[in-house]
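**Q** Provide a 3D model corresponding to the input given below.
(4 chains)
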2 protein chains.
Amino acid sequence: MANISDVAREAGVSKATVSRVINGNSVVSEEMRMRVTRAMKRLNFQPNAQARSLSLKKSNFIGVIVPEIRRPFYGEIIDGIEETLVNAGYYLALCSTHNRPGHELNLARLMRERRVDGLIIVTPRELDSKTLQDLADEKFPVTLIDGTAKALVSSVIIDNYEGARVAVRHLIKLGHKRIGLIAGLDTPECRERLRGYRETLEAANIAFDPVLVVRGDYLEESGASAMEQLLKLHEPPSAVFATSDLMAIGALAAIRNHDLQVPDDIALVGFDDIEPARWVTPSLTTVRQPLRQMGEIGAKKMLKILNGEEPEITRIVLSCELIERESTAPPLRKYQRDMAAWL
Amino acid sequence: MANISDVAREAGVSKATVSRVINGNSVVSEEMRMRVTRAMKRLNFQPNAQARSLSLKKSNFIGVIVPEIRRPFYGEIIDGIEETLVNAGYYLALCSTHNRPGHELNLARLMRERRVDGLIIVTPRELDSKTLQDLADEKFPVTLIDGTAKALVSSVIIDNYEGARVAVRHLIKLGHKRIGLIAGLDTPECRERLRGYRETLEAANIAFDPVLVVRGDYLEESGASAMEQLLKLHEPPSAVFATSDLMAIGALAAIRNHDLQVPDDIALVGFDDIEPARWVTPSLTTVRQPLRQMGEIGAKKMLKILNGEEPEITRIVLSCELIERESTAPPLRKYQRDMAAWL
DNA sequence: TTGTAAGCGTTATCAC
DNA sequence: GTGATAACGCTTACAA
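**A** Residues are numbered from 1 along each chain as shown, chains lettered A, B, ... in the order given. Here you go, the predicted structure:
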């Protein structure tokens, strides 16, 4: 493949002139410009962005690290990042930890060697401070999406506490008093949701009952087995708040296996609002996370740091929104059953 | 950040020696190795992979171009690609066309300037030959997943004809005679599925009725409106084959809106077997595409080309598998209704 | 076994 | 305006 020297020779000018024509920032005479342009055409010249990066000390690549690519939850975030970065002339170096905890930081080092200009890490976990702090100390731009770290890096998260409150408040308002919680991985995010759950109950004078709290791993299967546990209870809940839609979908299946109905026998609220939440029957009432927007905001923050506009560390907290669908209703049936018994 | 020269100075050796220690291929005396290693530690040296690439004329980046990242269909493929490539020491430069037809080739040029070592293009469409052929002519490694092109590049696709046959045969075997088709975009892939549909019907002596074929765009909404059209027919189908799960899910909603039941009033078969196919009610009978595997195989082919093992152009055709779930059944109800009328 | 020096393909700083 | 020339940070003949 032709390079600048080839073009320079072909056009009978210096490399410097060719470079000026390519970048179009310096002044070049019209004649030179034509000669160079024509030579580039003839040789089918394509500039080597890699060499350019070496000289400029800027690769225009941003490393993006996610736990998993295929999960729509992350796909949505990545899509938001991608669109924002590409529009600004950056490229994505994407890699996945395949859910290995702590692997983010290995990948971060690798990406760093690749000389990415910055790093966007998407994770539900709390990251070990050391490596991250090293990066921060070197003034290397890092942005965290969905995760937390003690290190001084910018982050975009949602208000998990408030998200949980909204969900539980909704159930309480419908008349539920015995409300189960299917929690996710033991992450700061989920602890916040647990706190939201607990405090909302207590604010409504409903005693917190640890037996109603079961832990899953955010995925479908764990939702099903958590629900199984709740159904085995002496006094099962009339409503359940699952801290991910996937777990809610699993719970739905478990409930159905017991020949019970959602929402009449058990009301169900999810979290995330991934697309399939609309597709299941009954469609899921859930707490929407602005996933795509989280990606966009994280990417925009990165761009600002890269442009030197806003080097300060920010912690952006987005709020969630309750999406009411068919999986929640007042605890009707039970009353009806009781009433039927009275008559 | 420290570079090789810094390390060389710190260790009191030449750059060449440092380089040798880093790459570990040449023989270096134990003493030198120690001195260099210690110097690297002291300076917290991280080699610049970019400069290395420039020298080696090899970036270890593979460009991956997809229509959309968030859609599980592509997510699954990307995940397969990612795992395979990362295990082989490569990195992904990912970008999305955001479904703009033809945009693949612009991105291909951009990635090429970035000096990626190869390009994996995921697309349902037939690509314009010219640009692709240019790349092929330059011996630039390109692999196509799911798409086709007249140009001479390797590709991984599924047997769409056979996939459609399997689906339609299943419906015929159940006793359906009036079978609708919700087709996707007008791509070679979908034309094959249409052909499979048509020829399977004809092989069973069922006349092909163009009124039963409606076109969608593979997405949910289009499936719903296509189904609406089919339901408006004077004589609606008793079974429908949708060429994507997303369209099948849309169709499901439309059917339900008309107070009809799946599978009793209308049986439904999808295509793809994305995760949500299992989650909807009734769960979808569908034709499984080995998505992850397609990504893996495409990536492996790329690795082989890169290693010079298998430069020939191959066209790998994977077969699909029918996954029977709850959305298909014999056209029972109708018979029952007719029988009821007789009594 | 180690060092010297040229090269990878750009950009940027100087002169002219 | 244009052209030498020195970086950028690494690898690799070739020499010693």
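
**Q** ignoring the adjacent residues along the chain, who's closest to residue A:208?
**A** residue A:198 (5.0 Å; CB to CB, 6 or more residues apart in numbering or on different chains). For glycine as for every other residue, the C-beta is placed from the backbone atoms N, C-alpha and C.

**Q** quick one: the one you found from residue B:93, how far?
**A** According to CB to CB, to the nearest Å, residue A:198 and residue B:93 sit 45 Å apart.

**Q** do the same with residue A:224
**A** Applying CB to CB to residue A:224 and residue B:93 gives a distance of 38 Å.

**Q** with neighbour numbers in mind, choose between those two.
**A** Set residue A:224 next to residue B:93 and count neighbours by other CB atoms under 10 Å in any protein chain shown: residue B:93 wins out with 24 against 20.

**Q** residues in contact with stretch A:199-211?
**A** Contact with stretch A:199-211 is made by A:164, A:165, A:168, A:169, A:172, A:177, A:178, A:179, A:198, A:233, as judged by CB atoms under 8 Å, 6 or more residues apart in numbering or on different chains.

**Q** give the contact list for the fourth one.
**A** Just to be clear, that refers to residue A:169. residue A:200 are the contacts of residue A:169 under CB under 8 Å, 6+ apart.

**Q** any idea whether it is helix, strand or coil?
**A** helix (DSSP: H, G, I helix; E, B strand; the rest coil).

**Q** repeat for residue A:42
**A** Going by three-state DSSP: residue A:42 is helix.

**Q** tabulate the contacts of stretch A:199-211 in a markdown table, adding columns for pLDDT and distance to residue B:206.
**A** As requested, the contacts of stretch A:199-211 are exported to a markdown table (pLDDT from 0 to 100; distance: CB to CB, whole Å):
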| residue | pLDDT | distance to residue B:206 |
| --- | --- | --- |
| A:164 | 98 | 55 |
| A:165 | 98 | 57 |
| A:168 | 98 | 55 |
| A:169 | 98 | 56 |
| A:172 | 97 | 56 |
| A:177 | 95 | 57 |
| A:178 | 96 | 55 |
| A:179 | 97 | 54 |
| A:198 | 98 | 61 |
| A:233 | 96 | 53 |
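
**Q** and which of those residues is nearest to residue B:314?
**A** residue A:164 (52.1 Å; CB to CB).

**Q** can you confirm the closest one is in a helix?
**A** Yes: counting by three-state DSSP, residue A:164 is found in a helix.

**Q** you'd agree it is up against residue A:242?
**A** No: in this structure residue A:164 lies outside contact range of residue A:242 using CB atoms under 8 Å: 11.1 Å.

**Q** now for those two: what residues contact both?
**A** Jointly contacting residue A:164 and residue A:242 under the rule CB under 8 Å, 6+ apart are residue A:271.

**Q** what segments of chain A are strands?
**A** A:61-66, A:91-96, A:118-122, A:126-127, A:142-145, A:148-149, A:154-158, A:179-183, A:213-215, A:239-242, A:267-272, A:285-288, A:315-318, A:321-323 (DSSP state E).

**Q** gap between stretch A:110-118 and the chain center?
**A** On the basis of CA atoms, centre = their mean, to the nearest Å, stretch A:110-118 sits 21 Å off its chain's mean C-alpha point.

**Q** same check on stretch A:196-203?
**A** In terms of CA atoms, centre = their mean, the centre of stretch A:196-203 is set 26 Å apart from its chain centre.

**Q** buried set for it?
**A** Residues of stretch A:196-203 classed as buried under the neighbour-count rule (16 or more other CB atoms under 10 Å in any protein chain shown) are A:196, A:197, A:198, A:200, A:201.

**Q** in space, what's closest to the fourth one - neighbours in sequence excluded?
**A** In space, residue A:200 comes closest to residue A:168 once its chain neighbours are excluded; the distance is 4.1 Å by CB to CB, 6+ apart.

**Q** shouldn't that neighbour be in contact with residue A:241?
**A** Yes: using CB under 8 Å, residue A:168 is in contact with residue A:241, at 5.9 Å.

**Q** quickly list what's touching both of these two.
**A** With contacts taken as CB under 8 Å, 6+ apart, the residues that reach both residue A:168 and residue A:241 are A:179, A:197.

**Q** okay, these two: which has more neighbours?
**A** Neighbour totals were compared for residue A:168 and residue A:241, and residue A:241 leads with 31 against 26 (other CB under 10 Å).

**Q** report pLDDT for the more buried one.
**A** You'll see residue A:241 listed with a pLDDT of 98.

**Q** beta-bridge partners for it, please?
**A** residue A:181, residue A:269 (DSSP bridges).

**Q** contacting residues for it?
**A** Residue A:241 sits in contact with A:164, A:167, A:168, A:171, A:179, A:180, A:181, A:182, A:197, A:269, A:271, where contact means CB under 8 Å, 6+ apart.

**Q** now tabulate these in JSON lines and tack on distance to DNA strand D.
**A** Shown next, in JSON lines, are the contacts of residue A:241 (distance: CB to the nearest atom of the strand, whole Å):
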{"residue": "A:164", "distance to DNA strand D": "48"}
{"residue": "A:167", "distance to DNA strand D": "51"}
{"residue": "A:168", "distance to DNA strand D": "54"}
{"residue": "A:171", "distance to DNA strand D": "57"}
{"residue": "A:179", "distance to DNA strand D": "57"}
{"residue": "A:180", "distance to DNA strand D": "55"}
{"residue": "A:181", "distance to DNA strand D": "51"}
{"residue": "A:182", "distance to DNA strand D": "49"}
{"residue": "A:197", "distance to DNA strand D": "51"}
{"residue": "A:269", "distance to DNA strand D": "53"}
{"residue": "A:271", "distance to DNA strand D": "45"}
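
**Q** is residue A:263 in contact with residue A:327, as I believe?
**A** Yes: under the contact definition of CB under 8 Å, residue A:263 touches residue A:327, with a separation of 5.3 Å.

**Q** before we move on, the earlier item: how far away is the residue nearest to residue A:200 from DNA strand C?
**A** Distance, residue A:168 to DNA strand C, using CB to the nearest atom of the strand, to the nearest Å: 56 Å.

**Q** how about the residues of the stretch 151-300 of chain A by chain B?
**A** A:220, A:249, A:253, A:275, A:276, A:279, A:280, A:281, A:292 (CB under 8 Å from any CB of the partner chain).

**Q** who are the contact partners of the closest residue to the fourth one other than its chain neighbours?
**A** Going back to what we said before, that points to residue A:275. Spatial nearest neighbour of residue A:275, chain neighbours left out: residue A:72 (6.0 Å); criterion: CB to CB, 6+ apart. For residue A:72, the contacting residues are A:274, A:275, A:276, B:70, B:71, B:72, B:75, by CB under 8 Å, 6+ apart.

**Q** of all the residues of the stretch 151-300 of chain A next to chain B, which two lie farthest apart?
**A** For those, the maximum inter-member distance is 27.7 Å, found between A:253 and A:292 (CB to CB).

**Q** I figured residue A:45 hits residue A:9, correct?
**A** No: using CB under 8 Å, residue A:45 is not in contact with residue A:9; the gap is 11.7 Å.

**Q** which one of those two has more residues nearby?
**A** Just comparing residue A:45 and residue A:9: by other CB under 10 Å the higher neighbour count belongs to residue A:45, 20 against 15.
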